[in-house]
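Enquirer: Need a 3D model of the sequence below.
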Amino acid sequence: MNQMLCIGDVPIAGRVLTAPMSGVSDMPFRRAASKLGAPYVVTEMVACEMLARGRPDMVRRAAMGEGLPLMVVQLAGREAHWLARGAAMAEASGAQIVDLNMGCPAKEVTGGLSGSALMRDLDHAETLIEAAVNATVRPVTLKMRLGWDDACRNAPELAARAERCGVKAITVHGRTRQQFYKGPSDWHAVAEVKAATRLPVIVNGDI
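Expert: Sure thing, here's the model as predicted:
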């Protein structure tokens, strides 16, 4: 339990990490969390296409900032070329880790076939992961849920596919998209994800 967590070539000086949260994890929050000892803080979710097109709010979200111990940017998208562009831009801006969001349950995200909606089409999800991994030399991580709903609990398969694509760590929220944030996290299902991959698995939900 005392073994240091490493994500690719990036050592993490702790095993309790700060989750990326849209509307919360802005630059002031990340600075404050880092000053209070958080070893790993992530940007708010950044929509790749809007970032590439220079939309000011997405450029602001993706800003790395000086003085943070670790630079991690979280990307979302539904098209491979935009996700690849976003990963390359994140690396160029100084990101040490690029995180892919396939777990957000918000309707405005899943309605655009991003976030956890991608868990309904693992072939397409795999295409997006490959595009991001191939676009950057930095470690790529993947955030997911247990699945879309109880009839589609496919997180173990997505984790295994992500590992084959070159992802370096998995974060899994212990609920389906259908649950949003209701009910307890299913730790047995999270354990099934861990059993499906040799990658570090970071647990999210009810922490």
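Enquirer: Over to residue 22. Which of the three states is it?
Expert: Recorded secondary structure, residue 22: coil (DSSP: H, G, I helix; E, B strand; the rest coil).
Enquirer: Can you give me every residue that contacts it?
Expert: 44, 45, 104, 106 (CB atoms under 8 Å, 6 or more residues apart in numbering). In short, each C-beta sits where N, CA and C put it, glycine included.
Enquirer: now swap in residue 12 and tell me
Expert: 4, 5, 6, 39, 40, 70.
Enquirer: And residue 136, by the same measure?
Expert: Per CB under 8 Å, 6+ apart, neighbours of residue 136: 87, 88, 90, 91, 98.
Enquirer: In these, find the pair that's most separated.
Expert: 88 and 98 (9.4 Å; CB to CB).
Enquirer: More neighbours: which of those two?
Expert: Set residue 88 next to residue 98 and count neighbours by other CB atoms under 10 Å: residue 98 wins out with 27 against 18.
Enquirer: next one: phi and psi at residue 122?
Expert: Per-residue torsions, residue 122: phi -70, psi -30 (degrees, to the nearest 10).
Enquirer: so how far is residue 23 from residue 14?
Expert: Here the criterion is CB to CB, to the nearest Å. By it, residue 14 lies 24 Å from residue 23.
Enquirer: between those two, who's got more neighbours?
Expert: residue 14 (12 against 8).
Enquirer: Quickly find the element holding the more buried one.
Expert: Using DSSP states H and E, residue 14 falls within no helix or strand.
Enquirer: Quick check: it touching residue 40?
Expert: Yes. Counting by CB atoms under 8 Å, residue 14 does reach residue 40; the two are 7.1 Å apart.
Enquirer: Need the three-state assignment for the nearest residue in space to residue 76 that is not next to it in sequence.
Expert: With sequence-adjacent residues excluded and distances taken as CB to CB, 6 or more residues apart in numbering, residue 76 is closest to residue 101, at 4.2 Å. For residue 101, the assignment made with three-state DSSP gives strand.
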